[in-house]
Structures are given as C-alpha cells and as structure tokens.
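**Q** Here is a sequence together with a model predicted from it:
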Amino acid sequence: ASEVTASTGTSNGFTKICKVADNKFCLIWGQSGTHSGNNSPIWARVGTVSGTTITWGTAVIVSALCRVSEPGRTSIVYDPDEERVIVTFAKDESSVYNLKAVPLSISGTTITVGTISSALTDSCQFVDTCYDTTNNKVICIFTHTGYSHKAYIASLTIDGNNAPVFGSFVAANDMSSRTPSIDYDPNQNKFLYTYRAGAGSSNEKICANFGSCNNSGVISIQGGDTNHTVVPSGGYTSTLEMFMQITYDDYIDKFHLIYRSPGEGSGYVYHNYLTIPSSGNSITVPSRIQVLDNATPTNFSPIFTRFNDDYWIATIRRDSGSSNVGGVLCRLVKVTVVTSNLTTQYGYRYVGFADAAYTNGQTATIKTYGNNVTTLSGLTPGSLYYVQKDGTVATTADSFGWGNNPGAGVALTSSTLLIKDPHTTHFGA
C-alpha cells in the first residue's frame, strides 16, 4: 500500500520496529562507520501513518559503538505503562560487548533519549525483547558468548527516562544458539521464544520453548533449559536459518514465525504458526509454508508487526542489486481479504453468512457472530462446523496453509447455525 525509505546512504545495518500508537510506530537501525561524530551508531525515527501514507520525524542517534553488522544485534519494544520505547543492544566498549538498554520518550514525532542502563553482561551477541503486559516487565532474551553461546532470559524494569534495571538472567537452553526471538501471549501470561540451535554444525535447526515472568521479574522456563520443540517438525540438515522473528497475533491467538533458510534454494523464506499448549511442555507446530523464493541477500532480515486491523508494517535492509544499497525500506502492507471464497491463508477473517442468495452487484445482508443463519442444509444438530475454502461448512477443518482452522459455529437444527466469532473461538490447533 505504501513504500518509503527510512534512511539513505550505505552501510546501514538491520532494522527493528514497534507500534507506539494507532497511527504511529518507531523504527531503529544500525549504521557502520562514523556518522555525525558517532562510530557505528543506532538510529531511531518515528513514522506516522495517515491512510496509506507514511511520513517521518527526524532521525536521532540512540547510542554509538554498537554491533550493527548482522541482524539480531538490537531490539525494540514499547512499554505502554511507562509510555516509553525500550531499545536493547550490544554496545562495543573496548571489544567487550555489553548488553544495555535505554528508554526513548516520544512526543509527536520527536524522540528524547533517556539514560542508558548498566551492563547486564559483557558477552552479548544477539538480543530480542517483548513486553509482559500482566507484570509490566520487558522480557529480554540474548545469547551469551562467555557461556558457549547459550541463550539466557532476564526481565527489565522501566521507570520513565531513568536507566532501566535488569533482573537476574536464567538459562533458556543448554546448547549453542544464534538469533533468538521472543514475544508474549497475554491470554496465557507466557512468553514464547525461538532460536537457531546447533549453530555452525551440520544439523542446525530452529527450536522453541516458552516460559513466564512474575511481578517481581523472576523468570521461569517451562521444563527447564533442556526442554525444547523442534520447528518445523523434523528439522533440517546442512541448513542455516540465518534469521527469524516470532510475533504474537491476538486476532488468532497464535504466534507467527518467519525465517530465511539459506540452504534451501537461494534462500527460501518460510512461515509457520506456533501455539503455547494449555498443558504440557510441547509447542503445537503445524506444517510450514514457503512464502518467498530466493531471498538472495545473505542476511535477509524481514521485520513485521501488526499495525491495525488491516495493515502490517514491514521493513528490510536493501542489499546489493537494489537502488539505494544499504538503505532501510519501510512498507505498509495491506491485508487483502477474498470475499467470494476463502482460498487465501486468511481464512479466519471471514465476515459471516448471507441471509439469502445474492448475485454479483446486489446489496446483501450478512449475518455475523452471535446471530443464527438459516440458509444452510444437512447440518447435524449439536455439531461444531468449520468454514471451508469454498464458502461451505463441514464438521472437519479445512487446510488454509497457515494453520488456520476458522470455526463457523454450532448447528441448532438441520438448517440453522449459531455463528461463532473466529477471533475468539478456536475449534482446533
């Protein structure tokens, strides 16, 4: 719907983004070399959306001496309780990579940089964050080069523009790992995290686990640091999942996982859904789907976040072969819903059922959830029904490709269906 350049020039690093308000988001990116007297700085900029147009505020430097040469070295999350954007990053101080965090306050499109925290560790490589809305804590996952590149998780307490305070960190896994990603499910009050396990070996794979934080900031890992689920099922051999992102989607109560697999084709990009179980230690993993062919940039790093009901914000670093090499591209992506059938992956976004037969061009009355529709036939009273790709209903779920099993409703009679809301009622995994 809209595509604009957030930064120009060369040697820009990789991006992260978070929503700040209904029409506003904050973007960060790194830039190697010396700029405005700062060596290898992280930049931040506010984007404002009006319709399908993105406009930018003035870019500011968050910190210098940062690791910006690879994706996953910085992170950004919004704290709605303190109304602050929190940037977490590895700061290069005399070749010691200190994990630090800093709050940003935003007024209009103006960014004010707060006080940088003390270092949690001097051996940070990759980092990601999410926000626990129940306990009002930022949750930080990072890989620790001093401990065999294992992943660790800690909480962060935010107090205005004062220096954030890290809690104690706990082990998130027991193996060498890279590019961790994390997000929070408010319905279960748990976070889910993924990471690239077995880095540098011939059997690299994506693993996932979940955990929780309490009001004091104490982290608990489900099943301990040895527990994990392989994603996708079966894993890979001789394959590098160079970059990944996990994002919780409250519309469908699932996590989106997107990653690039350089060992397949010329770098295929895949999508999968992950769901935290209501009990037990294993994460639900449906089959993955390929969403992009031949993402040739070696460090392809798509970042995306839901912006509103219809749009996602996506960013990517331009690579060789593109104009403005090294620039940061930001795109407002429209979610398109097919209304005549449900052949797209967005099956859960169906609206409802027509109350009668209509032809193209006619004005129709649509019955939505909470209503009864009486235009169906052959239903079994008391049975649950699912929406099918062709617009019909059945007692078994159809495959929409991204793991969606949109529920239609409950049969009251052979011709009457009580329509359920697919956003809040899920009939399957």
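**A** Alright, I've got the coordinates.
**Q** hang on, T88 packs against L104?
**A** No - if you go by C-beta atoms under 8 Å, T88 and L104 don't touch, sitting 11.6 Å apart. Glycine gets a C-beta too; all of them are placed from N, C-alpha and C.
**Q** Looking at those two, which is more packed in?
**A** It is T88, of T88 and L104, that has more neighbours when counted by other C-beta atoms under 10 Å, with 26 against 22.
**Q** For that one, list each beta-bridge partner.
**A** Counting by DSSP bridges, T88 forms beta bridges with S75, A101.
**Q** sorry, back to before: give me the common contacts of T88 and L104.
**A** By C-beta atoms under 8 Å, 6 or more residues apart in numbering, T88 and L104 have no common neighbours.
**Q** Check what pLDDT the residue positioned nearest the centre of the chain gets.
**A** The residue lying closest to the centre of the chain (C-alpha atoms, centre = their mean) is T247, at 2.2 Å. pLDDT, T247: 89.
**Q** The one 3 residues further on now?
**A** Looking at D250, its pLDDT is 78.
**Q** That one contacts D183, doesn't it?
**A** No - using C-beta under 8 Å, D250 makes no contact with D183, being 10.8 Å away.
**Q** The two - which one has more neighbours?
**A** Higher neighbour count among D250 and D183: D183, with 24 against 12, using other C-beta under 10 Å.
**Q** So, low pLDDT: which residues of the stretch 201-350 of the chain?
**A** 201-203, 232-242, 262-267, 291-350 (pLDDT under 70).
**Q** now with 50?
**A** Applying pLDDT under 50 to the stretch 201-350 of the chain flags the ranges 233-235, 237-241, 296-300, 319-325, 335-341, 343-346.
**Q** these two touch, right, D249 and H256?
**A** Yes - the pair D249 / H256 is scored as a contact, 5.8 Å apart, by C-beta under 8 Å.
**Q** higher neighbour count, the two?
**A** Counted by other C-beta under 10 Å, D249 and H256 do not tie: H256 has more neighbours, with 20 against 15.
**Q** Looks to me like the more buried one is in a strand.
**A** Yes - remark: H256 belongs to a strand, assigned using DSSP: H, G, I helix; E, B strand; the rest coil.
**Q** any idea how far D250 is from it?
**A** 12 Å (C-beta to C-beta, to the nearest Å).
**Q** What of V62?
**A** From V62 across to D250, the span is 28 Å (C-beta to C-beta).
**Q** what's the residue nearest to L379 when sequence neighbours are not counted in contact with, if anything?
**A** Using C-beta to C-beta, 6 or more residues apart in numbering and skipping residues adjacent in sequence, the residue nearest L379 is A411, 3.8 Å away. Contacts for A411 (C-beta under 8 Å, 6+ apart) come out as L379, T380, P381, G382, S383, Y385, L417, L418.
**Q** Pick the one among the residues you listed closest to V20.
**A** Nearest to V20 among the contacts of A411: L418, at 39.2 Å, using C-beta to C-beta.
**Q** which SSE is that closest one in?
**A** Here L418, judged by DSSP states H and E, is contained in strand 417-419.
**Q** Residues contacting that strand, please?
**A** Strand 417-419 is contacted from outside by 352-353, 367-373, 376, 379, 385, 393, 408-412, using C-beta under 8 Å, 6+ apart.
**Q** who does that strand pair up with?
**A** Sheet pairing for strand 417-419, using DSSP bridges, gives strand 372-373 (antiparallel), strand 407-411 (antiparallel).
**Q** Tell me which of those sits most buried.
**A** For the strands paired with strand 417-419, average neighbour numbers computed from mean count of other C-beta atoms under 10 Å are highest in strand 407-411, which has a mean of 23.
**Q** average pLDDT across that one?
**A** Strand 407-411 carries an average pLDDT of 85.
**Q** And that strand, how far out from the chain middle?
**A** On the basis of C-alpha atoms, centre = their mean, to the nearest Å, strand 407-411 sits 30 Å off its chain's mean C-alpha point.
**Q** shouldn't R84 be in contact with S105?
**A** Yes - with contact defined as C-beta under 8 Å, R84 reaches S105; the gap is 5.8 Å.
**Q** what residues do the two have in common as contacts?
**A** Common neighbours of R84 and S105 (C-beta under 8 Å, 6+ apart) are G114, G160, N161.
**Q** Find the nearest non-adjacent residue to the first one, please.
**A** With C-beta to C-beta, 6+ apart as the criterion, G114 has its nearest non-adjacent residue at 3.2 Å, and that residue is N161.
**Q** Quick check, pLDDT for the one you found.
**A** On the pLDDT scale, N161 is placed at 96.
**Q** likewise A397?
**A** 75.
**Q** Quick check: it is in a strand.
**A** No - assessed with three-state DSSP, A397 is coil; it does not lie in a strand.
**Q** Dihedrals phi and psi, it?
**A** When read as degrees, to the nearest 10, the backbone of A397 gives phi -80, psi 140.
**Q** Counting neighbours, what do you get for it?
**A** For A397, the neighbour count with other C-beta under 10 Å is 20.
**Q** That one is in contact with Y386, isn't it?
**A** Yes - the pair A397 and Y386 passes the contact test of C-beta under 8 Å, sitting 4.5 Å apart.
**Q** How much space separates the closest residue to T226 other than its chain neighbours from N227?
**A** Nearest in space to T226, with sequence neighbours left out and distances taken as C-beta to C-beta, 6+ apart, is D174 at 5.1 Å. Computed with C-beta to C-beta, the distance linking D174 and N227 is 9 Å.
**Q** one step back: in ChimeraX, select just the buried ones from the shared contacts of R84 and S105.
**A** To isolate the buried subset of those in ChimeraX, counting by 16 or more other C-beta atoms under 10 Å, use the following:
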select :114,161
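**Q** Filter the shared contacts of R84 and S105 down to the ones in helices?
**A** Counting by DSSP state H, none of the members of those fall within helices.
**Q** Mind putting the shared contacts of R84 and S105 into a markdown table with distance to V127?
**A** Shown next, in a markdown table, are the shared contacts of R84 and S105 (distance: C-beta to C-beta, whole Å):
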| residue | distance to V127 |
| --- | --- |
| G114 | 18 |
| G160 | 22 |
| N161 | 21 |
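**Q** Tell me the one of the shared contacts of R84 and S105 nearest R67?
**A** Of all the shared contacts of R84 and S105, R67 sits closest to G114, with 20.7 Å by C-beta to C-beta.
**Q** State the phi and psi torsions of the closest one.
**A** phi -80, psi -160.
**Q** need the contact list for it.
**A** R84, V102, P103, L104, S105, G160, N161, N162, A163.
**Q** In this structure G211 contacts D225, no?
**A** No - taking C-beta under 8 Å as the definition, G211 is not a contact partner of D225, at 10.0 Å.
**Q** between the two, what contacts are shared?
**A** Shared contacts of G211 and D225, defined by C-beta under 8 Å, 6+ apart, comprise A172.
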